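Student: Let me see the structure of the following:
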Amino acid sequence: MLASGMVALIGLQMVFRLMESDPQQALALYNTRNLLTEALGGGIELVGGLWVLLLSISGLQQQRFSIVLHLLGLVVGGLGILTVLHTVPYLKDAFGLTQLIWFIWLGISL
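Tutor: All right, here's what the predicted structure looks like:
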């Protein structure tokens, strides 16, 4: 996420500078910047989904917290993994909202 943010900020600054001298090149750079930003941290939530899924499987095995918390984690992880399917709308939103609930619950449990 940090790399994605840095690419977004630095890339946008370069786009603004190029806009004055070469608008077409600025547009090409802007599109490249968007591609890199999405690829590094915004396009899909596969890594986050895998992380929550594996953590929840481990939690179920160790039985340290509520089983419902870990079952929610399985759902959250599954939603994150399914964001690779760009044809299904709102998966990314569903993952983000359920992950927020899961994080708050996990924080309270800790």
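
Student: Which pLDDT value belongs to the residue nearest the centre of the chain?
Tutor: Among the residues of the chain, the one closest to the centroid is E45, at 4.1 Å (C-alpha atoms, centre = their mean). Note on E45: pLDDT of 80.

Student: Over to it: give its phi and psi.
Tutor: Backbone torsions of E45, given as degrees, to the nearest 10, read phi -110, psi 30.

Student: That one contacts H86, doesn't it?
Tutor: No. Counting by C-beta atoms under 8 Å, E45 does not reach H86; the two are 11.7 Å apart. Every residue, glycine included, has its C-beta placed from N, CA and C.

Student: Please tell me how far the helix or strand in which D93 is found is from the chain's geometric centre.
Tutor: Here D93 is covered by helix 91-109, with elements defined by DSSP states H and E. Centroid separation for helix 91-109 versus its chain: 12 Å, with C-alpha atoms, centre = their mean, to the nearest Å.
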